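Q: predicted model, plus sequence, below.
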Amino acid sequence: MSKIIVGTHAAGYNPKRNFIDLPLSDYEVQKKKDFLKVPAHVYFKLKKKSHPFLSNLFYDIGLNNVPLYHFFNAINIGNIPWVTTFEHYLPRGAHRPDVFKHEKWYIAFATQRLMHNSCKRMVAMSQFAYDAQLNFLYEYGDFVEELKQKMVVLHPQQPKLIDSIDQKKTAGDCITFTITGSDFFRKGGKEILRVFSKLLDEKQPVKLNIVSDLQFGDYASRATKEDQILAMNIINKYKQIEHYNQLPNISVLEVLRKTDVGLLPTYDETYGYSVLEAQAAGCPVITTNGAALSEINNNDIGWLIEVPLVEDNRSIPRTKEAKEIFSEIVEGQLDAIVRSIIEDRNVIMKKGAKALQRIEEEHCPFKVAKILETIYDAALR
C-alpha cells in the first residue's frame, strides 16, 4: 500500500526534526513547489536581504496535487488542508500587534488564514510556543478561543544515541563538557570560556569541546570581533579545549557520546535541539531557563541556571545593563555548577541516566510519529 504524500515548503533542519524524518507508517512528507519563492527571490536580488513576510507564506496555485500540507513556521494561502508547526508564534516574522503599522495587513491576513477551515492544526513544538501564541492572540484582541481549538503541543522527536547509560565511554581522568551549534556567543560561549579559563588555570580536571564557527554579532549577545579574538586566544591557550569549526552531524553525535556534560547557558533559544541530542547520549546538560528550556531540562536531570525572564518567558536581555546582569549570573552559576560536578562526579551518571530515560519517554520518534499520524488522519476527514 502506497503512502499518502504530505507536501511541505522546505526540507531544512527544523522540518526534518519535527516531521519529515519521522518513521511515519501511512504518510510521507515531501518538499513541493512554492510559487511565492519567485517574488521572494526577486526581492532578495533587489534588496540584498530576505523579505520579512514572503518566506513565511506558501502558495502552490493548485499545481502540486497533494491532499495535505505540513509547514514549519509558515502559513498557506491556498485552500488545500494544512497543518503548521511553530516554534514561537504565528505569523512568523511579525512583531506584537500595533508595534509597527506596516505589519498590520500581514498580521490580519495571516490570522484570517489560520482561522480558515483549511487550517486543520497549529502544532506548537513546546508549551512555551503554545502560550506565546495565546499571548499574541490576546494582544491582537480576537480569535483566541477559535484558534485555541486548533492548537496542540507536540515536542520534536529525538532517537537515543546510546541504549543505556552503561554504554557511556568517557575519559576517566577528566570531565568532558561540550557545547555545539552556531551563534556560539548567543549560546553563552563567552561566559563558558571565562569559566573554563579559570578552571584550567587552577589545573582542574576538565576538558571542553566546542563545535561552532564562532561567528559574532548575533541579535542577543551582540558579540563583537573583539569577543571573537578573545575567544580564540583562550581556545589556543589550552590544549584541554578542543575546537571544531564545523562537523557533520554524525560526527557531532559521536562527540556527544564521549561527553560527560552538555552546555547551553544561552542568552535566547526558542527550543534547544542540542539539549535533546546531549541527553540522548546520556549527558546531563547545564542550561538557562528561558523559553522551552525548562520543559526539556531541570535540576533533576541536569542543571538549570535561573536568569531574568521577559516577554513570553524568553531570557533575551534587551539593554546593555540587562546583558551585564545576565552575563554575571550565567558566569557565576556556571562556575559553581561545574565545581560541584568536579566535587561529586557520581552526579553525572545519575542525572545522565534520568536524562536518557526522559528522551525515551518524551521524544521517542515512533511515539511522536503516531501522534502526528492521528493529526494527519483527522485533517483529511
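A: Nice, I can see it. Numbers count the residues shown, from 1 in each chain.
Q: what are the boundaries of the helices in the stretch 201-350 of the chain?
A: According to DSSP state H, counting those that start in this stretch, the stretch 201-350 of the chain carries its helices in the segments 225-237, 249-257, 273-280, 293-296, 320-343, 346-362.
Q: is it possible to export the ones you listed to TSV including mean pLDDT and mean neighbour count?
A: To be clear about C-beta, it is placed using only N, CA and C from the backbone, and glycine gets the same treatment. Putting the helices of the stretch 201-350 of the chain into TSV (pLDDT from 0 to 100; neighbours: other C-beta atoms under 10 Å) gives the following:
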stretch	mean pLDDT	mean neighbour count
helix 225-237	97	14
helix 249-257	95	15
helix 273-280	98	25
helix 293-296	98	21
helix 320-343	97	16
helix 346-362	97	18
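Q: from the contact counts, what lies against the strand or helix carrying residue 177?
A: Element membership of residue 177 [criterion: DSSP states H and E] is strand 175-180. Where contact means 3 or more C-beta pairs under 8 Å, 6 or more residues apart in numbering; DSSP states H and E, strand 175-180 is packed against helix 189-201, strand 206-211, helix 249-257, strand 261-264, helix 273-280, helix 320-343.
Q: partners of it, with directions?
A: Using DSSP bridges, the strands paired with strand 175-180 are strand 206-211 (parallel), strand 261-264 (parallel).
Q: got the angle between it and helix 320-343?
A: 150 degrees (axes from the mean of the first three to the mean of the last three C-alpha atoms, to 10 degrees).
Q: what's the distance between strand 175-180 and the middle of its chain?
A: How far strand 175-180 lies from its chain's middle: 18 Å, per C-alpha atoms, centre = their mean, to the nearest Å.
Q: between that strand and helix 189-201, how many degrees?
A: 160 degrees.
Q: still on that earlier bit, compare the helices of the stretch 201-350 of the chain and give me the one nearest residue 40.
A: Residue 40 sits nearest to helix 273-280 of all those, at 25.8 Å, using C-beta to C-beta.
Q: tell me what angle the closest one forms with helix 249-257.
A: Using the same axes, to 10 degrees, helix 273-280 lies at 60 degrees relative to helix 249-257.
Q: which helices and strands does helix 273-280 pack with?
A: Going by 3+ C-beta pairs under 8 Å, 6+ apart, helix 273-280 lies up against strand 175-180, helix 249-257, strand 261-264, strand 285-288, helix 293-296, helix 346-362.
Q: using CSV, list the CA coordinates for it.
A: Extracted in CSV, the C-alpha atoms of helix 273-280 (Å, rounded to 0.1, in the frame of the first residue of the first chain):
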residue,chain,number,x,y,z
TYR,A,273,17.7,20.7,19.9
SER,A,274,21.3,20.4,21.2
VAL,A,275,19.9,19.7,24.7
LEU,A,276,17.9,16.7,23.3
GLU,A,277,21.0,15.4,21.5
ALA,A,278,23.1,15.6,24.5
GLN,A,279,20.5,13.9,26.7
ALA,A,280,20.1,11.2,24.1
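Q: columns distance to residue 114 on top of the helices and strands packed on helix 273-280, output as TSV?
A: TSV is the format used below for those (distance: least, C-beta to C-beta, whole Å):
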stretch	distance to residue 114
strand 175-180	34
helix 249-257	33
strand 261-264	31
strand 285-288	31
helix 293-296	24
helix 346-362	27
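Q: so for residue 85, which of these sits nearest?
A: Residue 85 lies closest to helix 293-296 among the helices and strands packed on helix 273-280, at 15.7 Å (C-beta to C-beta).
Q: buried stuff in the lowest-mean-pLDDT helix or strand in the chain?
A: One helix or strand of the chain scores below all others by mean pLDDT, DSSP states H and E: helix 37-47, with a mean of 89. Buried residues in helix 37-47, counted by 16 or more other C-beta atoms under 10 Å: 37, 40, 43.
Q: what of stretch 181-199?
A: Buried residues in stretch 181-199 (16+ other C-beta under 10 Å): 181, 183-197, 199.
Q: out of the buried residues of helix 37-47, who's nearest residue 23?
A: Closest to residue 23, out of all of the buried residues of helix 37-47 and judged by C-beta to C-beta, is residue 37, at 29.2 Å.
Q: any idea how far residue 27 is from the closest one?
A: The gap separating residue 37 from residue 27 is 24 Å, by C-beta to C-beta, to the nearest Å.
Q: what does residue 359 give?
A: Counting by C-beta to C-beta, the gap from residue 359 to residue 27 is 24 Å.
Q: same check on residue 142?
A: 33 Å.
Q: more crowded one of these two?
A: residue 27 (21 against 13; other C-beta atoms under 10 Å).
Q: that one pairs with what?
A: Taking DSSP bridges as the rule, residue 27 bridges to residue 4.
Q: quick check: it touching residue 370?
A: No: Residue 27 is beyond contact range of residue 370, at 11.5 Å (criterion: C-beta atoms under 8 Å).
Q: secondary structure class for residue 83?
A: Under DSSP: H, G, I helix; E, B strand; the rest coil, the three-state class of residue 83 is strand.
Q: now do residue 117
A: coil.
Q: okay, now it: neighbour count?
A: 7.
Q: do the same with residue 171
A: 12.
Q: what about it, helix or strand, and which?
A: Applying DSSP H and E, one finds residue 171 in no helix or strand.
Q: the closest residue to it other than its chain neighbours and residue 239, how far apart?
A: Nearest residue to residue 171 in three dimensions, chain neighbours excluded: residue 207, at 6.8 Å (C-beta to C-beta, 6 or more residues apart in numbering). From residue 207 across to residue 239, the span is 9 Å (C-beta to C-beta).
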